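Colleague: Fold the stuff below for me.
(2 chains)
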There are 2 protein chains.
Amino acid sequence: MHLNTHYQALHEQYLFSDIARKVNAYRSEHPDAQVISLGIGDVTLPLAPAIVESMRKAVEEMGNAATFHGYGPEQGYPFLREAIANEYAQRSVALEDDEIFISDGAKSDLGNILDLFSADNAVLIPDPVYPVYVDTNLMAGRSIRYLKADKQNHFLPMPDPDVCCDLVYLCSPNNPTGAAYNREQLKAWVEYATGKGAVILFDAAYESFITGDDIPHSIYEIPGADSCAIEFCSFSKMAGFTGVRCGWTIVPHNLRSGGMSLNRMWLRRQTTKFNGVPYIVQRGAQAALSPEGKQQIRESIAYYQQNANAIHQMLTQAQIYHTGGQNSPYIWMECPGKMASWDFFQRLLAAVQVVGTPGAGFGKNGEGFFRLTAFGSHEQTEEAVRRMREFFQMREDGRGSCVRF
Amino acid sequence: MHLNTHYQALHEQYLFSDIARKVNAYRSEHPDAQVISLGIGDVTLPLAPAIVESMRKAVEEMGNAATFHGYGPEQGYPFLREAIANEYAQRSVALEDDEIFISDGAKSDLGNILDLFSADNAVLIPDPVYPVYVDTNLMAGRSIRYLKADKQNHFLPMPDPDVCCDLVYLCSPNNPTGAAYNREQLKAWVEYATGKGAVILFDAAYESFITGDDIPHSIYEIPGADSCAIEFCSFSKMAGFTGVRCGWTIVPHNLRSGGMSLNRMWLRRQTTKFNGVPYIVQRGAQAALSPEGKQQIRESIAYYQQNANAIHQMLTQAQIYHTGGQNSPYIWMECPGKMASWDFFQRLLAAVQVVGTPGAGFGKNGEGFFRLTAFGSHEQTEEAVRRMREFFQMREDGRGSCVRF
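Modeller: Just a heads-up that it's a prediction; the model follows:
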């Protein structure tokens, strides 16, 4: 047989294993050190009681012949699609139930959606970036052009009318930068995509962290987006579902090309290559959108937001340039003294035993930046913030060994 | 953007909606008729108590910070991969844990595995067939050659040394025909694949129904298969997981081509485009493989097997050619009197109000055949068998309106 040789173009991802290796090395040299990680990319709070109760009930149903559920609809149970449609309706986004497809998470669908597109499409991907966008396109042999996100554009690159593309990835609020597009900026992107006949693949996985009124939670809040955008969203960060696995993808009926409906194509893809999300999981997701569940998950999000805000405040006081921390669980900071991101990683670890993620791991433009996350406990985050504040004050005071930025 | 125009080559699947429409039409004309379906392709018995208990416990764990599980390994938790490896070990198949990938079901992986192969591969697919094999290849624009399964080869086509291919699908015990390859036959397939440098995509989703000693449960029971086969299996029919969603895929380390390891490629594919199966589901699957769980799921399988056997006995007595019913929940019968399969469908429905699936819906060679399934209740299956026996006796006796085959 002949293999898909495009896999040879992939680079192995060593970012998180490299971090773990370096932290372990530090720990073995300093067995008494209290290392705190602000690099956690996973939720840590447990599922909300309403979700647990709903899943517990669903498990019982599965053990009873009268209430057992076998194969469900590949695109998800109507009860969950309706609950999601209601959420969008509250933001004045009118969706039909069959424009909503329940997924086992945004990552799967962000990869699988590429099945619908020709391999000769040109793809525009921001840098720094969530590596899945790049790798899934490399696997299919597509040519990628990078969209430079940097300090100048506050890590929110805007469309260049001179650059053509077929597909463009936007993630807002962004991973890794935490930066979030406002309404005007997204409007410009919708206009660009409409003009170029491009499709925006809009990753909204962090929308539940948005607090600013001017930051859209959905690309469909922008008129015309339903003809040029597919949206991916997830219960992962919203309801702590990273180990439960549930998300959704919106493919509007208005998204068409050459007589083909992308909604119908995606339905065909999913009914052929997917068998739906577990009944138990869908009942849990439904509970997350119930009045009681929403109240409870809001408390968890507020908990993480408090962490994000503490980091944001500390960096602001230290006059360190950063994006995110507001509208996002991620904080993307400039490494002080123009340090390279791995150098800063080592320096921070050695000086105050705080771990983060070097920005260089997210692409060329991540060099010189550093990602912190809000998913730790209050206690750990506060302690890390205290230590980092001290670290940055030492720089101002000119004291200590870690000051020569 | 440019779409994947191969989707235009797909035919819509109307088989089950056509059946539903015809049954509904019959019911509205005969409101008092007691229609029985022997066409059910889904399990009907509830989950075993050991599975329910394990999932209930896992749900509680998820509601507790100390026992909460976030992102798990994309390839599955070690506890489940080890449990599966132990099952194989009992059949003298030695697998390393990292050759086992936990999936959300055989259907997903049967489709997604094609990511690893070049689109110019030639594919050999049996006819009649589970439509997913065909559609997933058409979506990628691969050229398909069909492998004729018919009465002559007892619906177990053997390799033709004059035909070359890169990929070949084998499903044993088969859906829709219920036919199962014996050891000698699979050996011939492994030799063929080895000789041609082809990969066998072996769908073992129905292996738990095997009773015959000479029928391998896994392709890896055949020496050399670990260099030429990928195996897909599932908890769906084995443990009633059609709505729970868990399966596994074996990609052996020995499967290599041009210096590339398919195991490493699949790991890369899964870590990039998949985020693993829910923790709760994996705990349920683990319980299905516990001594207590195995005892309980064996009882459910025995229940279905009793149905399959009743149908098999009835057809044997009526001297109607059929495959399956042994080693399989499916029975594939020749329509009497050389009737076309949709004609037989209508005749059986009109005469004795029993519903099955016309073989023509599974491919060209399905014409003239009819699929019955064992997933109904004992009561319904026994009643359907009684009616069909009467129906076939009427034929012998020359009585009634339904006899002119």
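Colleague: Could you use CA atoms for every contact and neighbour count after this?
Modeller: OK.
Colleague: gap between the longest helix seen in chain A and the chain center?
Modeller: Ordering each helix of chain A by length in residues (DSSP state H) puts helix A:291-317 first. Averaging C-alpha positions (Cα atoms, centre = their mean, to the nearest Å) puts helix A:291-317 16 Å from its chain's average.
Colleague: try stretch A:6-20
Modeller: The answer for stretch A:6-20 is 19 Å, by Cα atoms, centre = their mean.
Colleague: Please identify the residues of the stretch 51-200 of chain A in proximity to chain B?
Modeller: A:52, A:55-56, A:59-60, A:62-65, A:68-72, A:104-105, A:107-112, A:115-121, A:132, A:135-136, A:165-167, A:197-199 (Cα under 8 Å from any Cα of the partner chain).
Colleague: Just the residues you listed: which are in helices?
Modeller: A:52, A:55-56, A:59-60, A:62, A:107-112, A:132, A:135-136.
Colleague: For the stretch 301-405 of chain A, just list every one of the helices.
Modeller: Secondary structure of the stretch 301-405 of chain A (DSSP state H, counting those that start in this stretch): helices at A:341-352, A:378-397.
Colleague: Least confident of the ones you listed, on average?
Modeller: Sorting the helices of the stretch 301-405 of chain A by mean pLDDT places helix A:378-397 lowest, at a mean of 89.
Colleague: What is that one packed up against?
Modeller: Judged by 3 or more Cα pairs under 8 Å, 6 or more residues apart in numbering or on different chains; DSSP states H and E, the packing partners of helix A:378-397 are strand A:36-37, helix A:291-317, helix A:341-352, strand A:354-355.
Colleague: Out of the ones you listed, flag the one nearest A:Ser227.
Modeller: Taking Cα to Cα, helix A:291-317 is the member of the helices and strands packed on helix A:378-397 nearest to A:Ser227, at 30.3 Å.
Colleague: now check that closest one, is it near chain B?
Modeller: No. Using Cα under 8 Å from any Cα, helix A:291-317 never reaches chain B; the gap is at least 12.0 Å.
Colleague: tell me what that helix is packed against?
Modeller: helix A:49-62, helix A:236-239, helix A:279-288, strand A:322-324, strand A:330-334, helix A:378-397.
Colleague: Next, the angle strand A:330-334 makes with that helix.
Modeller: Relative orientation of helix A:291-317 versus strand A:330-334 (axes from the mean of the first three to the mean of the last three Cα atoms, to 10 degrees): 10 degrees.
Colleague: What mean pLDDT does helix A:291-317 get?
Modeller: Mean predicted confidence for helix A:291-317 is 98.
Colleague: what angle do that helix and helix A:49-62 make?
Modeller: Using the same axes, to 10 degrees: helix A:291-317 against helix A:49-62 is 140 degrees.
Colleague: Buried only: go through the ones in helices among the residues of the stretch 51-200 of chain A next to chain B for me.
Modeller: A:52, A:55-56, A:59-60, A:62, A:107-112, A:132, A:135-136 (16 or more other Cα atoms under 10 Å in any protein chain shown).
Colleague: picking up where we left off before, quick one, the longest helix of chain A and helix A:279-288 angle?
Modeller: 70 degrees.
Colleague: Can you list the buried residues in helix A:291-317?
Modeller: Neighbour-count burial for helix A:291-317 [16+ other Cα under 10 Å]: A:293-294, A:296-298, A:300-301, A:303-312, A:314-315.
Colleague: just stretch A:138-148 next, same as before
Modeller: Buried, per 16+ other Cα under 10 Å, within stretch A:138-148: A:Leu138, A:Met139, A:Ala140, A:Gly141, A:Arg142, A:Ile144, A:Arg145, A:Tyr146, A:Leu147, A:Lys148.
Colleague: Turn the residues you listed into CSV, including pLDDT, secondary structure and distance to A:Ile36.
Modeller: Compiled in CSV, these are given as follows (pLDDT from 0 to 100; DSSP: H, G, I helix; E, B strand; the rest coil; distance: Cα to Cα, whole Å):
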residue, pLDDT, secondary structure, distance to A:Ile36
A:Leu138, 96, helix, 35
A:Met139, 96, helix, 36
A:Ala140, 95, coil, 39
A:Gly141, 95, coil, 40
A:Arg142, 95, coil, 40
A:Ile144, 96, strand, 37
A:Arg145, 97, strand, 37
A:Tyr146, 97, strand, 34
A:Leu147, 96, strand, 33
A:Lys148, 97, strand, 32
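Colleague: got JSON lines for the residues you listed, with distance to B:His378 too?
Modeller: Output for the buried residues of stretch A:138-148, formatted as JSON lines (distance: Cα to Cα, whole Å):
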{"residue": "A:Leu138", "distance to B:His378": "52"}
{"residue": "A:Met139", "distance to B:His378": "49"}
{"residue": "A:Ala140", "distance to B:His378": "49"}
{"residue": "A:Gly141", "distance to B:His378": "53"}
{"residue": "A:Arg142", "distance to B:His378": "54"}
{"residue": "A:Ile144", "distance to B:His378": "58"}
{"residue": "A:Arg145", "distance to B:His378": "61"}
{"residue": "A:Tyr146", "distance to B:His378": "62"}
{"residue": "A:Leu147", "distance to B:His378": "63"}
{"residue": "A:Lys148", "distance to B:His378": "65"}
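Colleague: burial of A:Thr249, as a residue count?
Modeller: 25 (other Cα atoms under 10 Å in any protein chain shown).
Colleague: The strand or helix carrying A:Arg268 to helix B:131-139, inter-axis angle?
Modeller: Taking DSSP states H and E as the criterion, A:Arg268 maps to helix A:262-273. On the basis of the same axes, to 10 degrees, helix A:262-273 is oriented at 130 degrees to helix B:131-139.
Colleague: so what secondary structure elements neighbour helix A:262-273?
Modeller: helix B:106-112, helix B:131-139.
Colleague: Those into JSON lines, with extra columns for distance to A:Asp32?
Modeller: Output for these, formatted as JSON lines (distance: least, Cα to Cα, whole Å):
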{"stretch": "helix B:106-112", "distance to A:Asp32": "46"}
{"stretch": "helix B:131-139", "distance to A:Asp32": "55"}
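Colleague: which one of these lies closest to A:Ala85?
Modeller: Here helix B:106-112 is closest among the helices and strands packed on helix A:262-273 (Cα to Cα), at 26.1 Å.
Colleague: can that closest one be found next to chain A?
Modeller: Yes. Interface with chain A: helix B:106-112 contributes B:Lys107, B:Ser108, B:Asp109, B:Leu110, B:Gly111, B:Asn112 (Cα under 8 Å from any Cα).
Colleague: ok, back up a step: which two from the buried ones among the ones in helices among the residues of the stretch 51-200 of chain A next to chain B end up farthest apart in space?
Modeller: A:Glu60 and A:Asp135 (40.2 Å).
Colleague: hmm, back to that, out of the helices and strands packed on helix A:378-397, the one nearest B:Arg386 is which?
Modeller: Of those, nearest to B:Arg386 by Cα to Cα is helix A:291-317, at 51.3 Å.
Colleague: what's the angle between that closest one and helix A:378-397?
Modeller: 10 degrees.
Colleague: Stretch A:274-290 and chain B in contact?
Modeller: Yes. Interface with chain B: stretch A:274-290 contributes A:Phe274, A:Asn275, A:Gly276, A:Val277, A:Pro278, A:Tyr279, A:Ile280 (Cα under 8 Å from any Cα).
Colleague: Which of those are buried? Put it as a ChimeraX command.
Modeller: Buried members of the residues of stretch A:274-290 next to chain B, defined by 16+ other Cα under 10 Å, are picked up in ChimeraX with:
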select /A:274,275,276,277,278,279,280
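Colleague: Adding distance to B:His217 and pLDDT, write the residues of stretch A:274-290 next to chain B out as TSV.
Modeller: Formatted as TSV, the residues of stretch A:274-290 next to chain B follow (distance: Cα to Cα, whole Å; pLDDT from 0 to 100):
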residue	distance to B:His217	pLDDT
A:Phe274	24	97
A:Asn275	24	96
A:Gly276	27	97
A:Val277	28	98
A:Pro278	26	98
A:Tyr279	29	98
A:Ile280	30	98
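Colleague: Next, format the residues of stretch A:274-290 next to chain B as CSV and append distance to A:His322.
Modeller: As requested, those are exported to CSV (distance: Cα to Cα, whole Å):
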residue, distance to A:His322
A:Phe274, 40
A:Asn275, 42
A:Gly276, 40
A:Val277, 38
A:Pro278, 40
A:Tyr279, 42
A:Ile280, 40
